[in-house]
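Trainee: next input, structure requested:
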Amino acid sequence: MPISKVAMKCLQFVLGIFAVLAAITASAQYGDSGAYTIIHAEYGTERRHVDVTDRLRDLAHADRTFRMGNNTFGIDPDEGRVKTLRIYARGPQGPRMFEFREGSVVDGSMFVGWGGGSWGNNGWNGGWSGENGGNYGGGYGQPAYGQGGYGDAGAYVIMRAEYGTERNHVDVTDRLRELARRDRNFRMGNSTFGVDPDHGRVKTLWIYARGPNGEERRFEYREGSVVDGSQFRGWSTGNWR
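Mentor: Residues are numbered from 1 along each chain as shown. Next up is the predicted model:
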């Protein structure tokens, strides 16, 4: 029996609703609020490195954060040496190079459309230094953070931090500053902050920060999860709030 025009329009409307819901779900799962758009990714050392843009896209589809190394990318481009993942991106202030030492945690929340995978290019020839990024130009400069320090490249400036539950929580901004000066990432819980503000309940760390356009955002970390400070500006210096 042929489908009437009214029925067809109703079907199209329902399919449209499902498409919108799918987009909202994807956005909620992966986020699209980062300040930097990924152009290219390389893994290895200065003398030997490989293009891992496609593999990074696969990882981004699966997880917002992951700990990376040779097994992650399925290759050891320079045996016996510590490798680095370099992500070349563009942000509000222009090109930026992010560097992650082998074994560290990569957090995709700072990158636009991370889980969607709608990034990367086929015309990169900027090499390891990013001096000439093909169609995307050069000017990537020194890594935003790397083996020797934590830099000041994050997109968000921390205003305050709280730990606990909705009904019972405490200000841990000063304690977070102490932790940031020691480590770029850490696994957190009651022992981390020296307090259990709500016994018997799973706690959360909330970090309230301001983005590059002045918008405020709340980052949530469930008790026992890893906090990676790379997305926060001036993380290790404690020069915030």
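Trainee: poorly predicted segments of this protein, please.
Mentor: Applying pLDDT under 70 to the chain flags residues 1-34, 121-123, 131-154, 241.
Trainee: again, only using 90
Mentor: Applying pLDDT under 90 to the chain flags the ranges 1-37, 61-69, 82, 89-113, 115-156, 179-189, 210-217, 224-241.
Trainee: quick one, helices of it?
Mentor: Secondary structure of the chain (DSSP state H): helices at 5-30, 53-62, 70-73, 173-182, 190-193.
Trainee: ranges for the strands of this structure?
Mentor: Under the criterion DSSP state E, strands of the chain are mapped to 37-44, 49-51, 65-67, 84-91, 94-101, 105-107, 157-164, 169-171, 185-187, 204-210, 216-222, 226-228.
Trainee: need the winner for burial among the ones you listed.
Mentor: strand 37-44 (a mean of 24; mean count of other Cβ atoms under 10 Å). For the C-beta atoms, the positions are set from N, CA and C on the backbone; glycine is no exception.
Trainee: quick one on the thing from earlier: can you list the strands of the chain in a markdown table and add distance to G238?
Mentor: A markdown table is the format used below for those (distance: least, Cβ to Cβ, whole Å):
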| stretch | distance to G238 |
| --- | --- |
| strand 37-44 | 28 |
| strand 49-51 | 33 |
| strand 65-67 | 23 |
| strand 84-91 | 23 |
| strand 94-101 | 21 |
| strand 105-107 | 19 |
| strand 157-164 | 9 |
| strand 169-171 | 15 |
| strand 185-187 | 14 |
| strand 204-210 | 14 |
| strand 216-222 | 17 |
| strand 226-228 | 15 |
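Trainee: S118 is nearest to which of those strands?
Mentor: strand 37-44 (9.2 Å; Cβ to Cβ).
Trainee: tilt between the closest one and helix 53-62?
Mentor: On the basis of axes from the mean of the first three to the mean of the last three Cα atoms, to 10 degrees, strand 37-44 is oriented at 120 degrees to helix 53-62.
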